[in-house]
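>>> predicted model, plus sequence, below.
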Amino acid sequence: MATLAVYPGSFDPLTNGHVDIILRGARLFDRIVVAILLNAEKSPLFSMDERVEIAREVFKAQSNVEVDTFDGLLVDYVARRHAQVIVRGLRAVSDFEFEFQMALMNRRLDARIETIFMMPAEQYTYISSRLIKEVFTLGGRVHGLVPELVEARLQLKVRRDA
Ligand code: PNS
């Protein structure tokens with residue numbers, strides 16, 4: 001049976017840490033779905049359509065990476081897709097507590113689904129979407145930390161607001 005994995009998140013914006021995990025997942029599983037949570041934040045930097053468009057563009061050459069959106073419970077989405085695995089990235093010990101709680105709650109909700117943690121390459125272990133947004137908004141350089149398309153879209157947003 002083909003193994004389908006779901007990599008859920010807000011991806012506001014997609015970072016090179018996310019890309020690293022997705023490519024690792026694409027090597028490990030038959031198919032990986034990047035599942036973007038709808039309406040996670042009240043005022044996201046990138047709209048849902050922009051986030052979907054960016055992720056589809058970044059992974060257009062990877063035939064076993066799919067980009068989709070979901071709302072409601074993650075386990076319901078995973079079951080609806082007949083996926084077996086949830087993939088989450090673990091950067092540092094600080095991620096562990098929340099990830100541990102989510103994994104066990106998701107297991108309680110649906111024991112058929114396994115959560116698998118993957119570590120990104122070490123140069124990405126300190127990157128988060130929140131930090132990228134903050135650094136960029138305050139005029140800092142995020143080159144090399146996000147895909148080039150994300151960097152270009154961030155610059156467009158700043159120019160539009162100027
Ligand atoms: O990128 P993020 O913000 O770390 O992703 C968090 C996400 C989307 C994985 C989590 O908030 C989630 O699964 N939300 C869907 C609602 C849900 O199932 N909540 C219970 C989780 S135990």
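Structure's in. What do you need?
>>> how many neighbours does L73 have?
Neighbour count for L73, taken as other Cβ atoms under 10 Å: 13. (C-beta placed from N, C-alpha, C; glycine too.)
>>> any idea how far the nearest residue to it once chain neighbours are set aside is from D76?
The shortest distance from L73 to any non-neighbouring residue, by Cβ to Cβ, 6 or more residues apart in numbering, is to L109 (6.8 Å). According to Cβ to Cβ, to the nearest Å, L109 and D76 sit 8 Å apart.
>>> again with N64
Counting by Cβ to Cβ, the gap from N64 to D76 is 23 Å.
>>> higher neighbour count, these two?
Set N64 next to D76 and count neighbours by other Cβ under 10 Å: N64 wins out with 16 against 13.
>>> flag the shaky bits of this structure, pLDDT-wise.
40, 160-162 (pLDDT under 70).
>>> so which residues of it form strands?
With DSSP state E as the criterion, the chain has strands at 4-9, 31-37, 65-70, 85-89, 114-118.
>>> return the second one as CSV; C-alpha atoms alone will do.
Only the C-alpha atoms of strand 31-37 are listed here, as CSV (Å, rounded to 0.1, in the frame of the first residue of the first chain):
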residue,chain,number,x,y,z
ARG,A,31,3.4,11.1,-1.5
ILE,A,32,3.4,14.0,0.9
VAL,A,33,0.6,16.6,1.1
VAL,A,34,1.5,20.1,2.3
ALA,A,35,-1.8,20.9,4.2
ILE,A,36,-2.2,24.6,4.9
LEU,A,37,-4.6,25.4,7.7
